[in-house]
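Curious how this folds, go ahead:
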Amino acid sequence: MTDSAGPGPDTRREVRPPRRMIVRAVLRIVGSGTALVTLYFLLPLDRSSTWSAVTMLVVGLVVFVGLVAFQVRSIIRSPFPGLRAVEALATSVPLFLLLFASAYVVMAAMSAGNFGGPLTHTDGLYFAVTIFSTVGFGDITAKSQAARLVVTGQMIADLVVLGLAIKIIMGAVSRRRQPGGASGVQPPEDVHR
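The predicted structure follows:
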């Protein structure tokens with residue numbers, strides 16, 4: 001008896017998603033990103049109170065966790081988990097950044113001493129992205145204790161998002177790609193959606 005290197009029933013080859021499915025995923029990414037950014041710039045954040053800022057951040061982070069959980073489930077069930085994972089990350093990360101950007105704009109509007117002056121929506125987004133990317137140019141800095149606590153919270157949450165959320169999403173992709181996937185059923189060789 002010899003071991004054959006040929007394809008057997010347990011051998012799976014990667015199936016590439018149909019072009020139409022890729023286009024739909026890209027359109028969903030662009031659409032959700034556009035909707036999130038538009039909503040962020042339309043919200044009157046500079047006229048909010050402390051409680052609305054805290055509520056918005058806490059509720060937003062709960063929605064973010066729920067979104068990641070939903071996306072992990074979608075990845076596990078998808079016949080093309082890699083494509084679904086890209087879509088998940090491209091939706092989750094902007095939501096996360098916009099939540100903190102919103103909090104920064106509100107905090108700056110409540111007290112000029114929080115960041116050394118008011119922040120526009122663009123300034124808030126710019127600051128949230130520099131914190132997320134760990135660049136920190138120093139042109140906008142947290143000056144008050146409250147602002148420093150929120151920025152510190154974002155830094156810790158950034159580590160969680162970069163570490164845990166990405167690991168969970170990538171784990172769902174690899175789990176789905178294992179023979180039998182999450183459902184025990186092999187993905188179709190030719191999917192036309």
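
ok, residue 67 - contacts?
91-92, 95 (Cβ atoms under 8 Å, 6 or more residues apart in numbering). Any C-beta I mention is one placed from the backbone N, CA and C, and that applies to glycine too.

got a markdown table for those, with neighbour count, pLDDT and secondary structure too?
Conversion of the contacts of residue 67 to a markdown table gives the following (neighbours: other Cβ atoms under 10 Å; pLDDT from 0 to 100; DSSP: H, G, I helix; E, B strand; the rest coil):
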| residue | neighbour count | pLDDT | secondary structure |
| --- | --- | --- | --- |
| 91 | 19 | 90 | helix |
| 92 | 20 | 89 | helix |
| 95 | 18 | 93 | helix |
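
What is the nearest of those to residue 47?
For the contacts of residue 67, the closest approach to residue 47 (Cβ to Cβ) belongs to residue 95, at 22.2 Å.

residues in contact with the closest one?
Per Cβ under 8 Å, 6+ apart, neighbours of residue 95: 36, 60, 63-64, 67.

Return a ChimeraX selection command for the buried portion of those residues.
In ChimeraX, a selection of the buried entries from the contacts of residue 95 looks like this (16 or more other Cβ atoms under 10 Å):
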select :36,60,64
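
Secondary structure element holding residue 71?
helix 50-77 (DSSP states H and E).

I'd like the mean pLDDT over that helix, please.
Averaged across helix 50-77, pLDDT comes to 86.

So which bits of that helix are buried?
In helix 50-77, counting by 16+ other Cβ under 10 Å, buried: 53, 56-57, 60-61, 64, 68, 71-72, 75-76.

which residues are contacting the helix-or-strand element of the chain with minimal mean pLDDT?
When the helices and strands of the chain are scored by mean pLDDT, DSSP states H and E, helix 166-177 comes last with a mean of 75. For helix 166-177, contacts defined as Cβ under 8 Å, 6+ apart pick out 12, 68, 71-72, 75-78, 81-82, 84-85, 88-89, 181-182.
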